[in-house]
Every structure is written in C-alpha cells, then in structure tokens.
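Participant: below are the sequence and a predicted model for it; my questions follow.
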Amino acid sequence: MAEVSLKHIRKVYPNTEKKRTIRGGSEKQHNLLVTDEGVLAVQDFNLEIADREFVVLVGPSGCGKSTTLRMVAGLEDISGGELRIGGKLMNDVAPKDRDIAMVFQSYALYPHMTVRDNLAFPLKLRKLPQDEIDAKVNEAAEILGITEYLDRKPKALSGGQRQRVAIGRAIVREPKVLLMDEPLSNLDAKLRNQMRAEIIKLRQRIDTTFIYVTHDQTEAMTLGDRIVIMKDGVVQQVGTPQEVFDHPANLFVSGFIGVPQMNYFDAELVRTDDEYEVRVGGIAVVPNAEKQARLLSHDVQSQPIMLGIRPEHVSLLGETGQTLHGTVEVSEMMGSSVHLHLVSLGQDVIVIVQTTDIMGARKEGFSIAQDVAFTFGGDLIHMFSKADERNLEY
Amino acid sequence: MMNKEQTLAAEQRRKTILSAVLAVICVIYVLPVVAVVINSFKQNTFVKTETFALPTEQSYAGFDNFITGMTFGNYPFASSVLYSTVITILSTALILIFCSMAAWYIARVSSKFCKIIYYLCVFSMVVPFQMVMFTLSKTADALKLNTPWTIPIVYLGFGAGLAIFMFVGFVKSIPLEIEEAAAIDGCGPVRTFFSVVLPMLKPTLISVGILEIMWVWNDYLLPVLVLDINQYRTIPIHIQYLKGSYGTVDLGATMALILLSIIPVIAFYLAAQKHIIKGVAAGAVKG
C-alpha cells in the first residue's frame, strides 16, 4: 500500500556494456537513442502511481519496460531521476529495504526448498515468529489454491502451479508494491487466460499497488487501471485502457493497442475556413464536431495525413457514392464474426463483419477476390500527422 | 523390410563388438585392484611368483599382512591414518568453501579483475606440480605450513584451479533471477550465498569433493616434500616405509595397506554417488 512516483527516470547503459546488460534476449530491432554516455534504455520516464492502482507497462521487446520495473525493484541502478515509494526516496535503497515483491517471468523459485519453504523464506528473513509465518503461508496458499502442493519441490509442479507459488511468495509478506515482470509469458494460451482472471481476482483480495510488465496488449487492456505504452525507451502514452483505445496519442499506440490492428490510409486533411474534411480514395469524410473543435483549437492546417480506422468501425453497408472498394484476399471465420482482409487503395484493410445480425439472420459468406464496398463515419476516425506520426487532435 | 532387418542386424553386431571392447577395458581397469585384494591375503613370497593366482592353502596368509603392515617399524599406523584424515578433510573443506565463494563472485561480477583471476586458476591446472615443488616446499617451510594442520592451505592453493573452474561453470548455469528474487525477499549477499546459491551447488560440491578427497588422500609427493617425515607420516608415506633398507619389500604388507587406504575413498564415492544428480536447478525456471 503505497504510491509510487517516478520523476525523470532514465537508464543509460555505457556503450561497452550494452550487449551484456540489456536483458530480454531477442531485442534486435530497437532504435534506442545512443549518446556519448551510452545507450539510453529509458528516457525521462514520469509517472505518478496512486495507492492500490494497477499500472501496466506495455510495449514491444526492448522498449525499456522491464528495465523500468527492475529500476523500481532496485535490481538496476537508476542513472538519473527520482524514484519515491510511499513518499520516500528509494534511488539508492537496497531491494530488500524497499518493501516490494516481484514475480519473475521464469518464476525464480528456490529449487532446493519445498513450496512451503519457498513461501516462508521472505518471512523467515524478516524474523517473524513461526506461528505467524505458518498462518500467513497457509493463507496465501489458500488464496492461490496451492495448499495441497505445500510439501512438494518446485520441479514436481506444472508451469501454472509454479507461477502460483511465485505469486504466493510475493504476496505472503504483504508488500507495499507488487511488481510483475511478464508473469504469464511462459504459460500456454488457455492457462494464461485463466491466470489473468485470477490476477484480477487476486487484486480485489489484496490491498497493494501493482506494477505489471507485459508485451501483450490484451493483458494490458484487461488488467490495468492505467496503461503506460513505451517504445524505444520513451513513454508514448499513459491512460486508462479506454482512453488509449479511443484516443491513441500517436500512430504507434494506435497500432499497438487493439486486435486486429487499426487500418491506415494515406489521406489528405483539407481545411476550408474553419471546417475540416478528410479526402481518401475519392470520398470525403467529415470528422464530427468534437474532432473539428479539437483540430481547430490546435490550429491544424491542411496537410497529408495517415487516416486510421479500427476494423470494428468499418461498415460494409456503405451509402451510395461514399464508399471505398476492396478485393477480398482472406476471409477468416472466427465464429461470431468474420475478419475480412481486403486490398483497397494499395493498403491491407481488415474489416470485422458479424456473421449474424441481432435477429439471428445469417449473412452470406464472402468469396476470395470478391469486390466489396465499405465505408466509415467521421466519428471514429483517427488522424495522424505524416510528419511526426502524432495524433493531430492532441 | 530386408533393409530394416539388415540394419537391425548391423546394429546388433555393432553393440556386440562395443560390449566386447568395453569388457576388455573394464578388466584392464579392475585387474590391478583385484590383484591388490588377492595379494593382500597371500604370503610375501608368493606375491611375486603367483601374482594373479588366487590364494591357495599354501599361500594364504590370513590377516598376517595387515598386522605386519600396521605394526611395521616404529611409527604407529594409527597416526598415519589420523594425519591423512585430518589433512584430507581440512583440505577438502577449505577448497569447497573458498572456491565456491570465489567462483560465485567470478561468475556474477563481470570485471577485468575477475577475468584475470579466472584465467589464472585455469592456467594453474596446466602447470605441473614438479615445476614448482622445490620453491613451494621452501616457502611452505618458511610460512610454517609444514604441519598436518596447516598443509591444507597449500592444498587449497593447488586445488583451487580445478575447483573454481568447475564451480564457475555451474554457477553460470544458475539463472540470475533466483538470486534477484532472494535479494528482493530480503537476503544480503552472504545470506544469498549460503541459503540460496550453496544448496543449489550441491551436485558440484559433491563432484569436486570426491575429486579433491581422492587426490589429497592419495597424494604422496606434496606431504613428503613439505611435512617433517619423522614426525608426520600420511598413509602413502607410511606404505613407502615398508621398503626395507636393502631393497627388500614386504609386498604382502604393502598390498594390505594399499587395500586399507582405498577403502575409505571407495566407500565415500559409493555413498555420495546418488547425490550427484544433474540439473538440481531444473524446475526452478521455465518448464
């Protein structure tokens, strides 16, 4: 239970140590800023995390999210900035004195100890009386449903069970902040969904601040009160799941959040006096009043833009004269909906079509190379500057 | 079908040949030990003439050889056993404790200093003992490392190379996350080492322990050079004294003492064998 404050946090790896210290394995294509000092793995990270908030750091590998978490944990030195936990400056405090707990992707259980000893270990180190340790261990084991495995060694457990033990070891001492570094990445898809639901439940049972790192946007959306999207060591956007989905700050965020990915078109933003319209492929889309006002408040001029529209916001029932055309390339049957992959205006476009309407009437299927017409309204479009990929509304 | 049968037959043949070769190698390895066992129960005169024959009624000596060997000369065999035991246990304990700690540091801290130390250790395995033995014995004398209680320090120096090499290899295979988890759970470096790293090193501790025990227990040259032989004799030195002044050797007694001296090592090896399990860290990380 504590608020966490990160102010201008940065991490620099001296050039010579770059290869050795940057963690996470296959981080090949990062465009991290390299200065005279070294490689900037995290640049100017600012975040105020409220007490009991669940914050998710998300981004592609090599974006600095794990490094940020490890700096909060005290496993990496902080190259610059201020880290405060519960109001106290923690930059140079040893991990054990920060009153945090961490769940690792690889579980990191002590292989020579039984599950019970694994859970009790942090309590023993704090010299709690034995009966209190037993009570806490049993309680944590019960919360996580691992009571029957308490006397086994970690190697006799399955992946999901091991991850529960790892979470148990973290919650047993009621830390101020619970850090989780991709805790579900080693589990198979089904177990991952199950554990995700359990983390949500767990969160309601224990009062603590969560910082959760993942590369999976679904986990980020479902778990987080707020999401921090990072790329190349730079924070791209901070907001609630709904905010980042509805109002992505830039092209990267819009593409990263949401499955399937957002569709993009080369388009032209035209300003006539104080009215805007977007011209794309021969049709004109007029942004709604809200968007008009925002564009106007930033005094946005006519310019070429990237027009973004989410697959679920594209409609196949276009009005005459205001439609774009595309050819079906792939039709993916998902059960309740079909993901249509079209080629239109030289771009790949994905359209989600519900297979049944609300009355239960089935729609006909789509064949490959079929020509379809589609359209979208001005309420749900996103306009990104071609120059700096920023969302023009913000 | 034919082909399959042919390959199966070929496989069978290959296995038979391999078994035969391995059997021969086995015999070559075991024969000296068997010879020692047989001859330790034979009278001295028969050892040379009927080396590989089983003891007959005529040649059987019972436990005479053991008694002769242990009571020969005026130096008590019990003292030799005591000194050998003290030196072996102290040396192995020192090597295991210091080398595992050093190896943990070398494996986890990446600095020039650690690299240099590591390569020095590896290099020390290449240097033959004979090259350094005279300067070493002088130094050991000067530093008063010439008693059974201090010679383990000399053994620590000689044993460190192999031990550190083996420990570093194993420590590197332990995932760093486990130590990081320990740091977060509340361990300082010392606690992390003794509560978390050392228990995981158990298989390596045992393998290194066996190697060092066999070496120190059987070592002859180093104690002969360093220790005051009139005062302190280890078992190998004691055996050497069974040689008479005119070149006569009581071979029966020698065999008996050799047999006695290899029993503890073999017993320890058999007892520890089941603990040498690979991958004790398996199950700690991933699945």
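Facilitator: It's in.
Participant: identify the bridge partners of the closest residue to residue A:370 other than its chain neighbours.
Facilitator: Nearest-residue entry for residue A:370: residue A:328, 4.6 Å, with adjacent residues in sequence omitted and distances by C-beta to C-beta, 6 or more residues apart in numbering or on different chains. (Glycine included, C-beta is placed from N, CA and C.) Legend: beta-bridge partners of residue A:328 under DSSP bridges are residue A:342.
Participant: any idea how far residue A:328 is from residue B:205?
Facilitator: Look at residue A:328 and residue B:205: by C-beta to C-beta, to the nearest Å, they are 66 Å apart.
Participant: okay, the two: which has more neighbours?
Facilitator: Neighbour count, other C-beta atoms under 10 Å in any protein chain shown: between residue A:328 and residue B:205, residue B:205 has more, with 24 against 17.
Participant: so that one, which of the three states?
Facilitator: helix (DSSP: H, G, I helix; E, B strand; the rest coil).
Participant: how about residues contacting the helix or strand that residue A:326 is a member of?
Facilitator: Under the criterion DSSP states H and E, the helix or strand holding residue A:326 is strand A:324-333. If you take C-beta atoms under 8 Å, 6 or more residues apart in numbering or on different chains as the criterion, strand A:324-333 is touched by A:280-283, A:318, A:338-345, A:348-349, A:355, A:365-375.
Participant: now do stretch B:176-194
Facilitator: Under the contact criterion C-beta under 8 Å, 6+ apart, stretch B:176-194 has outside partners A:73-75, A:94-96, A:100-102, A:104-106, A:108-111, A:121-122, A:125-126, A:169, B:101, B:104, B:108, B:195-197, B:200, B:281, B:284-285.
Participant: just the buried subset of these, please.
Facilitator: For the contacts of stretch B:176-194, a burial check counting by 16 or more other C-beta atoms under 10 Å in any protein chain shown picks out A:73-75, A:95-96, A:100-102, A:104-106, A:108-111, A:121-122, A:125, A:169, B:101, B:104, B:108, B:195-197, B:200, B:281, B:284-285.
Participant: what ranges do the helices span in chain B?
Facilitator: B:2-39, B:44-49, B:64-71, B:77-108, B:112-124, B:129-142, B:151-173, B:176-185, B:189-191, B:198-200, B:202-218, B:221-226, B:235-240, B:251-273 (DSSP state H).
Participant: mean confidence score for the longest one?
Facilitator: I take that to be helix B:2-39. Looking at helix B:2-39 alone, the average pLDDT works out to 89.
Participant: that one to helix B:64-71, inter-axis angle?
Facilitator: 60 degrees (axes from the mean of the first three to the mean of the last three C-alpha atoms, to 10 degrees).
Participant: in helix B:2-39, what's buried?
Facilitator: B:36, B:38, B:39.
Participant: for chain A, see how far away the last one is.
Facilitator: Spelled out, that is residue B:39. Taking C-beta to the nearest C-beta, to the nearest Å as the measure, residue B:39 falls 45 Å from chain A.
Participant: now the second one
Facilitator: Separation of residue B:38 from chain A (C-beta to the nearest C-beta) stands at 44 Å.
Participant: and chain B, what are its domain boundaries?
Facilitator: As recorded under automatic domain parsing, the domains making up chain B are B:33-68+B:242-266, B:78-237.
Participant: right, and residue A:351 touches residue A:311 too?
Facilitator: Yes: using C-beta atoms under 8 Å as the test, residue A:351 is close enough to residue A:311 to be in contact (5.7 Å).
Participant: okay, the residue nearest the centre of chain B: pLDDT?
Facilitator: Closest residue to the average C-alpha location of chain B: residue B:214 at 2.0 Å, with C-alpha atoms, centre = their mean. Residue B:214 is assigned 87 on the pLDDT scale.
Participant: give me the contact list for stretch B:100-111.
Facilitator: A:20, B:114, B:117-118, B:160, B:163-164, B:166-168, B:170-172, B:176, B:179, B:193, B:197-198, B:201, B:204-205.
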